[in-house]
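Q: here's a sequence, model it:
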Amino acid sequence: MPAEPPYSGLTPDTVLDALASAGFAGDGRLLGLNSYENRVYQVWLEAEETPNSPASVVAKFYRPARWTDAQILEEHAFTLELVEREIPVVAPLEANGETLHRFGGFRFAVFPRRGGRTPELEDRKTLEWIGRFIGRTHAAGATRAFADRPTLGIESFGREPRDWLLAHDFIPKDLLDAWKSAVDLALAGVAHSYERAGEVRALRLHGDCHAGNVLWTDEGPHFVDFDDCRNGPAVQDLWMLLS
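A: As a prediction, this is how the structure comes out:
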């Protein structure tokens with residue numbers, strides 16, 4: 001029998017019950033948000049008497065088996081560290097002293113809902129503003145490495161994926177020789193670039209710093225979705241903003 005889809009049991013009722021188990025009482029309204037790997041929902045909360053209570057939160061349900069608990073908690077700790085350094089990052093909310101919660105076989109985290117628009121990357125001042133915060137993020141990231149999260153490099157992002165695709169027969173046989181030749185040529189070019197660069201310092205990175213994960217308001221940028229944070233070269237957090 002085919003494997004059961006990883007989110008087949010994540011019904012709207014399950015989402016609401018999971019939030020309630022962490023102390024967030026939803027009023028029944030949900031909105032699915034864009035996410036490639038995980039399932040992410042904006043959840044409206046029941047009205048509270050206190051004026052500072054949030055109207056809604058964002059719940060992220062992690063894809064099963066993608067990250068270990070230790071890796072997820074490293075992500076959370078990094079974002080909380082950045083918040084302490086007054087870098088505009090959306091970090092998870094604590095409930096009962098925890099940021100990672102479990103319900104019905106799923107692991108999830110709850111975040112404050114922070115809206116915004118896509119930054120105007122053609123504007124020089126916008127780029128400088130974003131760049132200052134990326135620089136501060138990297139300064140914090142350079143103080144120590146992730147112990148459990150992976151390191152981005154030619155092995156993990158090049159050779160290992162190539163070998164996995166070949167081992168699992170994902171490449172059509174009539175394209176196999178041409179595909180392998182092109183990939184090997186590209187990897188040789190990457191290896192040469194690493195040799196030219198000399199020693200490349202690995203920092204704790206956002207890891208997926210494209211324009212969709214940088215939200216803009218009148219107060220400037222804030223950074224969301226550190227799900228792909230890892231050790232790696234600083235340029236990883238820059239090149240996706242150069243399109």
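Q: so what touches stretch 27-39?
A: The contact list for stretch 27-39 (CB atoms under 8 Å, 6 or more residues apart in numbering) reads 7, 10, 12, 15-16, 40-47, 58, 60-63, 66, 212, 225, 227. For glycine as for every other residue, the C-beta is placed from the backbone atoms N, C-alpha and C.
Q: C-alpha coordinates for it, CSV please?
A: Written as CSV, here are the backbone C-alpha positions of stretch 27-39 (Å, rounded to 0.1, in the frame of the first residue of the first chain):
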residue,chain,number,x,y,z
ASP,A,27,-12.6,31.0,17.3
GLY,A,28,-13.0,28.5,14.4
ARG,A,29,-11.5,30.6,11.6
LEU,A,30,-8.4,29.3,9.8
LEU,A,31,-6.5,30.5,6.7
GLY,A,32,-3.9,28.3,5.1
LEU,A,33,-0.7,30.2,4.3
ASN,A,34,1.9,29.5,1.6
SER,A,35,4.6,27.0,2.7
TYR,A,36,6.5,24.5,0.6
GLU,A,37,7.6,22.0,3.3
ASN,A,38,5.3,22.6,6.3
ARG,A,39,1.7,23.4,6.9
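Q: ok, Ala55 touching Glu46?
A: No - using CB atoms under 8 Å as the test, Ala55 is too far from Glu46 to be in contact (10.1 Å).
Q: what's the domain layout of the chain?
A: Following automatic domain parsing, the chain resolves into domains at 12-112, 124-241.
Q: where along the protein do the helices fall?
A: In the chain, the segments counted as helices under DSSP state H are 12-21, 69-84, 124-141, 154, 160-167, 176-197.
Q: could you tell me the least trusted of the ones you listed?
A: Note on the helices of the chain: helix 154 shows the lowest mean pLDDT, a mean of 93.
Q: what helices or strands is it leaning on?
A: Secondary structure elements in contact with helix 154, counted by 3 or more CB pairs under 8 Å, 6 or more residues apart in numbering; DSSP states H and E, are helix 176-197.
Q: what comes into contact with the helix it packs on?
A: Residues contacting helix 176-197 (CB under 8 Å, 6+ apart): Ile154, Gly158, Arg159, Arg162, Leu166, Ile171, Val200.
Q: which of those are buried, as a PyMOL select command?
A: Buried members of the contacts of helix 176-197, defined by 16 or more other CB atoms under 10 Å, are picked up in PyMOL with:
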select buried, resi 158+159+162+171
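Q: may I ask which two of the contacts of helix 176-197 are separated the most?
A: Spatially, the most separated pair among these is Ile171 and Val200, at 29.7 Å (CB to CB).
Q: buried residues in stretch 165-184?
A: For stretch 165-184, burial by neighbour count (16+ other CB under 10 Å) applies to Ile171, Trp179, Val183.
Q: now do stretch 87-100
A: Ile87, Pro88, Val89, Val90, Ala91, Pro92, Leu93, Thr99, Leu100.
Q: show me which pair in those residues is furthest apart.
A: Pro88 and Leu100 (22.5 Å).
Q: out of the helices of the chain, nearest to Gly232?
A: Among those, if distance is taken as CB to CB, the winner is helix 124-141, at 9.5 Å.
Q: that closest one to helix 69-84, inter-axis angle?
A: 120 degrees (axes from the mean of the first three to the mean of the last three CA atoms, to 10 degrees).
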